[in-house]
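Undergrad: Could you look at this predicted model? Sequence included:
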Amino acid sequence: MSHVNQEIALKGTRPDGQVRHVSLLLSSTARGARLARLLAVDALRSWGVPYETAGQVVAELAANAATHGRVPGRSFRLTLYVVAATLRIEVTDTRGDRQPVLREPDGAAECGRGLLLVDVLADRWGVAEGRHPRKTVWAEIDLTPPERERSRSGHGVGHPQAGCV
């Protein structure tokens, strides 16, 4: 195991010593992309990790791999890691020659919004070159809960409503 993988395994270790990660090889088809989302949501749910946003990010990255990263007869890989308080989503395909480009779609376009959604939903994302001919598009989602907002009813911190603890 490489130093990087050992570091990920140690940081992603649960108190019981088990590492929370999954890696799946899926067909580069629309069915494979749908299956990627379903299996990711199932894994995240079983880990007790919020899965709504992550499911959408997986769906977009898997659809891109099946559409733009497709090479007939070759699959794409979905990998999920929980490292400390961060979920890392990686989708690896065999079209390293086709780099994803974030662009504003034409208003009338029916497609082209996938990376725009990933950019909005993920805290960070990028592309890593792999061994030729692979590339990995990754996204990270911070799992720390957002700070509680103050009440908008005029009862802020230090002014609880009657009967509230």
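TA: The structure has been received and is ready for your questions.

Undergrad: where are the low-confidence patches of this structure?
TA: 1-19, 109-110, 145-165 (pLDDT under 70).

Undergrad: now the helices: where do they sit in it?
TA: 3-11, 30-47, 52-67, 114-121 (DSSP state H).

Undergrad: between those, which gets nearest to Arg95?
TA: helix 52-67 (8.4 Å; Cβ to Cβ). Placement of C-beta: from N, CA and C, glycine included.

Undergrad: quick one: buried residues of that closest one?
TA: Within helix 52-67, the residues scored as buried using 16 or more other Cβ atoms under 10 Å are 54-66.

Undergrad: Now render the helices of the chain as JSON lines, adding distance to Arg74.
TA: Output for those, formatted as JSON lines (distance: least, Cβ to Cβ, whole Å):
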{"stretch": "helix 3-11", "distance to Arg74": "23"}
{"stretch": "helix 30-47", "distance to Arg74": "11"}
{"stretch": "helix 52-67", "distance to Arg74": "10"}
{"stretch": "helix 114-121", "distance to Arg74": "20"}
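
Undergrad: Against Trp125, how distant is Asp119?
TA: Using Cβ to Cβ, to the nearest Å, Asp119 is found at 7 Å from Trp125.

Undergrad: likewise Lys135?
TA: On the measure of Cβ to Cβ, Lys135 and Trp125 end up 13 Å apart.

Undergrad: Over to Pro100?
TA: For Pro100, the distance to Trp125 - Cβ to Cβ - is 9 Å.

Undergrad: between the two, what contacts are shared?
TA: Residues touching both Pro100 and Trp125 (Cβ atoms under 8 Å, 6 or more residues apart in numbering): Leu115, Val137.

Undergrad: so what's the residue positioned nearest the centre of the chain bridging to?
TA: Of all residues in the chain, the one closest to the mean position by Cα atoms, centre = their mean is Ile89, 3.6 Å from it. Under DSSP bridges, the beta-bridge partners of Ile89 are Leu80, Ala139.

Undergrad: so it sits right up against Gly126, yeah?
TA: No. Between Ile89 and Gly126 there is no contact under Cβ atoms under 8 Å: 11.6 Å.

Undergrad: Please identify every residue contacting each of these two.
TA: By Cβ under 8 Å, 6+ apart, the residues touching both Ile89 and Gly126 are Trp138.

Undergrad: re the thing from before, more crowded one of Asp119 and Trp125?
TA: Between Asp119 and Trp125, counted using other Cβ atoms under 10 Å, the more crowded position is Trp125 (19 against 13).

Undergrad: Could you measure from that one over to Thr86?
TA: Taking Cβ to Cβ, one finds Trp125 at 12 Å from Thr86.
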